[in-house]
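In: following is a predicted model, sequence given first.
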Amino acid sequence: MCGRFSLLGTPEEIAAYLALMELEAFPPRYNIAPTQPILMVIAGETPPPGSNRPDRRALLVRWGFIPGWVKDTANYPLMINARSETAIEKASFKTAMRHRRALIPASGFYEWRRDGNRNSQAYWVRPRNGATIAFAGIYEPWANAEGSEIDTGAILTTSASEDLRFIHDRMPVVIEQKDFARWLDCKTQEPRHVADLMRPAQADFFEAIPVSDKVNKVDNTGSEIQERFVETFAEAKKPGRVKPPEPDNQMKLF
């Protein structure tokens with residue numbers, strides 16, 4: 001799964017990577033948590049004839065997917081992830097999978113491993129080359145009873161690559177840059193046409209760095225949460241599902 005992630009590149013670097021015209025300025029975000037706004041990139045309208053640049057636009061989305069048909073969110077679960085293997089079959093996600101696929105720029109994500117005594121160890125999982133990556137995402141507008149509308153979204157997950165299974169059995173789907181256009185093309189590319197993109201990252205693409213439990217607290221938003229930390233247990237155990245700490249319900253932009 002993916003319960004926290006970071007976005008550390010400059011707006012200029014991220015815009016260039018995702019072929020956006022520009023992005024508004026924002027600071028590095030070290031500890032992005034559910035219910036907070038996240039940056040998504042979606043396909044725009046058809047670019048003008050002769051243009052050699054794809055038409056894409058940035059969108060701020062609440063991290064926590066709410067299907068459009070939900071009337072009351074009080075008792076509705078916080079859906080921050082969607083299993084890529086079954087999303088097209090689920091009533092909650094199938095419309096977004098067909099019509100509203102997105103890219104989520106990131107610098108890496110956090111995951112928790114626990115031992116037989118239910119002690120947990122947090123890891124900062126980042127690309128070995130330090131580059132920006134893009135998670136596969138879906139989004140959907142949701143309106144409350146008063147008519148106020150927000151865009152909501154989720155990160156698609158897949159089985160973990162072999163080298164990360166000692167932490168957890170799931171990881172975010174990473175879309176390679178060469179596949180951006182195909183993933184975002186919801187006009188001609190149905191979910192079955194892009195199913196091959198929803199796979200684990202290659203082994204050794206990521207490195208997992210043990211970090212302290214500072215990342216557990218949403219209010220800790222500085223670079224110190226990514227500093228290497230002595231692991232709380234040394235022997236790798238069979239991974240179990242570990243639910244990250246519940247975040248504060250917040251909608252501050254940065």
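Out: Perfect, thanks for sending it.

In: now the helices for the stretch 151-254 of the chain?
Out: 180-184 (DSSP state H, counting those that start in this stretch).

In: so, low pLDDT: which residues of it?
Out: For the stretch 151-254 of the chain, applying pLDDT under 70 flags the ranges 232-254.

In: tell me which residue is most central in the chain.
Out: The centroid of the chain falls nearest to Ile155 when counting by C-alpha atoms, centre = their mean (4.2 Å).

In: show the average pLDDT along stretch 81-93.
Out: Stretch 81-93 carries an average pLDDT of 97.

In: give the buried residues for that stretch.
Out: Neighbour-count burial for stretch 81-93 flags Asn81, Ala82, Arg83, Ser84, Ala87, Ile88, Ser92, Phe93 (criterion: 16 or more other C-beta atoms under 10 Å). In short, each C-beta sits where N, CA and C put it, glycine included.

In: now it - C-alpha only, PDB.
Out: Only the C-alpha atoms of stretch 81-93 are listed here, as PDB (Å, rounded to 0.1, in the frame of the first residue of the first chain):
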ATOM      1  CA  ASN A  81      -5.300   3.200  -2.400                       C
ATOM      2  CA  ALA A  82      -7.000   1.100  -5.100                       C
ATOM      3  CA  ARG A  83      -5.800  -2.400  -6.000                       C
ATOM      4  CA  SER A  84      -4.800  -2.200  -9.700                       C
ATOM      5  CA  GLU A  85      -5.700  -5.900 -10.300                       C
ATOM      6  CA  THR A  86      -9.300  -5.400  -9.400                       C
ATOM      7  CA  ALA A  87     -10.100  -1.700  -9.700                       C
ATOM      8  CA  ILE A  88     -11.800  -2.000 -13.000                       C
ATOM      9  CA  GLU A  89     -14.300  -4.500 -11.500                       C
ATOM     10  CA  LYS A  90     -15.100  -2.400  -8.400                       C
ATOM     11  CA  ALA A  91     -18.100  -0.200  -8.400                       C
ATOM     12  CA  SER A  92     -16.100   2.500  -6.500                       C
ATOM     13  CA  PHE A  93     -13.300   2.700  -9.100                       C
END
